[in-house]
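Novice: need a structure here:
(one chain, ligands or ions: 3)
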Amino acid sequence: MDREKRVAVLAGDGIGPEVMAEALKVLQAAEAVFGFRLQCEQGDVGGCAIDRHGHALPAGTLSLCEASDAILFGSVGGPKWESLPPEQQPERAALLPLRKRFDLFCNLRPSRVFPPLAGASPLRSDIVGDGFDILCVRELTSGIYFGRPKGREGEGADERAFDTMCYRRKEIERIARKAFEIARLRKKRVTSIDKANVLTTMVFWRQVVNEVSRDYPDVQLNHMYIDNASMQLLRDPHQFDVLLCGNMFGDILSDQCAMMTGSMGLLASASLNETNFGLYEPAGGSAPDIAGKGIANPIAQILSAAMMLRHSFGHEAAARAIERAVEETIAAGVLTRDIARDPAQAVGTAQMGDAVASRVRADD
Ligand SMILES: NC(=O)C1=CN([C@@H]2O[C@H](COP(=O)(O)OP(=O)(O)OC[C@H]3O[C@@H](n4cnc5c(N)ncnc54)[C@H](O)[C@@H]3O)[C@@H](O)[C@H]2O)C=CC1
Ligand SMILES: CC(C)CC(=O)C(=O)O
Ligand SMILES: [Mg+2]
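Specialist: Ligands and ions are numbered 1, 2, ... in the order given. Modelled structure (predicted):
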């Protein structure tokens, strides 16, 4: 890296601060090994920002992000803020606006089985086999999460609520291109997920994906309805390489893919714009059921930090060193409760972070 990069560190709510502390620990280890410096500055976001500043995305946090080269994000939300008006809640008032503000349309969610964890998958061992490796490429700034109008109106039996699912040609084209480009670096297979048998937006989605695919004759494309895809993932995950999804279907299928590898706490993600500015966060949420107990798995957050080094800072060696340190930690049997065979042998969040940080090293 040619100059010191600035990172906006937004830990957020629930397990966010716990797992973020471990990711920062691991980044520091990588800085020491590879001789680069990150300028990390913390900002409030989510429910904790509502409590401190009255808004889930305070102006100071937004300016910090704008002045940074990347955003390392924890997670936001939780029961404490669920009774607020929907548009003030952390997810809708902080996370979605951040994604939109920086045009982070390309969400990459890799789910790969770590061989020593094959037994942690809820799938039968003959289905997991020697492990699968699926990359969900999810459109992140459009679709039903952002479409207008949305709202509620009326009363009594006629009271109604509505959201709008809308995709523009250019929005489908750019995410489809990303999926095909990435597939070229993998097994050259794209499965586009839709519901074209019911939704007009999805008929359009399928048509545009087919058009884009003509520029990638070396990549095999097939289409699958979301309901079938959900079933096929469980039946034979090995048939998939790159899953190309709209916003909502990608949200759902990526959680499913995460759990198929053994735990929600393993799934990292990168949300990128056209210039590779990115927001990096675990795919899971603030996990209120385990927050504050020191037992959350920090791997998704740590691997998200590795994705930041790779995609936004071009530091492939450091990213790979962190990924290898995670693999070696797992192989050594250092496991948090969500992935440990014997909960009595499980380590806590901080011990897991220490174990990974201590294994970060340059290539042999
Ligand atoms: N990007 C974000 O900030 C996201 C925020 N959320 C918010 O998080 C809150 C909780 O949402 P849920 O639906 O419960 O989903 P969740 O992903 O927070 O939790 C689902 C299950 O996965 C487990 N889990 C998640 N991360 C884990 C980790 N690192 N280690 C071990 N176990 C882990 C939890 O303990 C829970 O049993 C809600 O307010 C939701 O809106 C949900 C998804 C993403
Ligand atoms: C606010 C939600 C859309 C966050 C989420 O569930 C996700 O991005 O996976
Ligand atoms: Mg989700």
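Novice: which residue ranges form the helices in the protein?
Specialist: 16-34, 47-53, 59-66, 90, 96-101, 125-128, 169-184, 200-213, 226-235, 247-260, 299-311, 316-331, 349-358 (DSSP state H).
Novice: which ones are touching the residue in the stretch 201-350 of the chain positioned nearest to ligand 1?
Specialist: In the stretch 201-350 of the chain, the residue that lies nearest ligand 1 is residue 285 (2.4 Å; CB to the nearest ligand atom). Just so you know, the C-beta spots here come from the backbone N, C-alpha and C atoms, and that holds for glycine as well. Each residue near residue 285 by CB atoms under 8 Å, 6 or more residues apart in numbering is listed here: 14, 75-77.
Novice: quick revisit: quick one: closest of the helices of the chain to residue 275.
Specialist: Of all these, helix 299-311 sits nearest to residue 275, with 10.9 Å by CB to CB.
Novice: got the angle for the closest one vs helix 349-358?
Specialist: 30 degrees (axes from the mean of the first three to the mean of the last three CA atoms, to 10 degrees).
Novice: near ligand 2 at all, helix 299-311?
Specialist: No - using CB under 6 Å from any ligand atom, helix 299-311 stays clear of ligand 2, coming no nearer than 11.4 Å.
Novice: show me the contacts for residue 118.
Specialist: So residue 118 contacts 125, 128, 130-131 (CB under 8 Å, 6+ apart).
Novice: rewinding a little: and the helices of the chain as a markdown table, adding mean neighbour count, distance to residue 8 and mean pLDDT?
Specialist: Shown next, in a markdown table, are those (neighbours: other CB atoms under 10 Å; distance: least, CB to CB, whole Å; pLDDT from 0 to 100):
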| stretch | mean neighbour count | distance to residue 8 | mean pLDDT |
| --- | --- | --- | --- |
| helix 16-34 | 22 | 12 | 98 |
| helix 47-53 | 19 | 13 | 98 |
| helix 59-66 | 16 | 5 | 98 |
| helix 90 | 27 | 16 | 98 |
| helix 96-101 | 17 | 10 | 98 |
| helix 125-128 | 13 | 37 | 97 |
| helix 169-184 | 19 | 24 | 98 |
| helix 200-213 | 18 | 33 | 98 |
| helix 226-235 | 15 | 34 | 98 |
| helix 247-260 | 21 | 23 | 97 |
| helix 299-311 | 27 | 11 | 98 |
| helix 316-331 | 19 | 19 | 98 |
| helix 349-358 | 21 | 20 | 98 |
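Novice: can I get those in TSV with distance to ligand 1?
Specialist: Below are the helices of the chain laid out as TSV (distance: least, CB to the nearest ligand atom, whole Å):
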stretch	distance to ligand 1
helix 16-34	6
helix 47-53	8
helix 59-66	14
helix 90	7
helix 96-101	10
helix 125-128	19
helix 169-184	19
helix 200-213	23
helix 226-235	17
helix 247-260	7
helix 299-311	6
helix 316-331	13
helix 349-358	8
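Novice: now those helices as TSV including distance to residue 107?
Specialist: Shown next, in TSV, are the helices of the chain (distance: least, CB to CB, whole Å):
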stretch	distance to residue 107
helix 16-34	18
helix 47-53	22
helix 59-66	17
helix 90	18
helix 96-101	8
helix 125-128	25
helix 169-184	9
helix 200-213	16
helix 226-235	17
helix 247-260	7
helix 299-311	11
helix 316-331	18
helix 349-358	24
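Novice: which among the ones you listed is found nearest to residue 279?
Specialist: helix 96-101 (6.3 Å).
Novice: residue contacts, residue 128?
Specialist: Here residue 128 is in contact with 113, 118, 121, 237 (criterion: CB under 8 Å, 6+ apart).
Novice: which non-adjacent residue is nearest the first one?
Specialist: If the residues on either side of it in the chain are set aside, residue 113 comes closest to residue 131, at 3.4 Å by CB to CB, 6 or more residues apart in numbering.
Novice: and residue 160, what are its bridge partners?
Specialist: residue 153 (DSSP bridges).
Novice: hang on, it packs against residue 152?
Specialist: Yes - between residue 160 and residue 152 there is a contact at 7.0 Å, judged by CB atoms under 8 Å.
Novice: that older thread, report the two of the contacts of residue 128 separated the most.
Specialist: The largest separation in the contacts of residue 128, counting by CB to CB, is between 118 and 237 at 11.9 Å.
Novice: what count of nearby residues applies to the residue lying closest to residue 258 once chain neighbours are set aside?
Specialist: Closest residue to residue 258 apart from its sequence neighbours, by CB to CB, 6+ apart: residue 267 at 3.6 Å. Residue 267 is flanked by 26 other residues according to other CB atoms under 10 Å.
Novice: tell me the contacts of residue 267?
Specialist: Going by CB under 8 Å, 6+ apart, residue 267 touches 109-111, 254-255, 257-258, 261, 282-284, 300.
Novice: which residue, other than its chain neighbours, is closest to the residue in the chain that ligand 2 sits nearest to?
Specialist: Closest contact between the chain and ligand 2, by CB to the nearest ligand atom, is at residue 91 (3.6 Å). Nearest residue to residue 91 in three dimensions, chain neighbours excluded: residue 77, at 5.1 Å (CB to CB, 6+ apart).
Novice: and if you look at residue 104?
Specialist: residue 271 is the one closest to residue 104 (CB to CB, 6+ apart), at 3.9 Å.
Novice: with distance to residue 350 added, can I get the contacts of residue 267 in CSV?
Specialist: Shown next, in CSV, are the contacts of residue 267 (distance: CB to CB, whole Å):
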residue, distance to residue 350
109, 26
110, 25
111, 25
254, 27
255, 26
257, 27
258, 22
261, 23
282, 17
283, 22
284, 19
300, 16
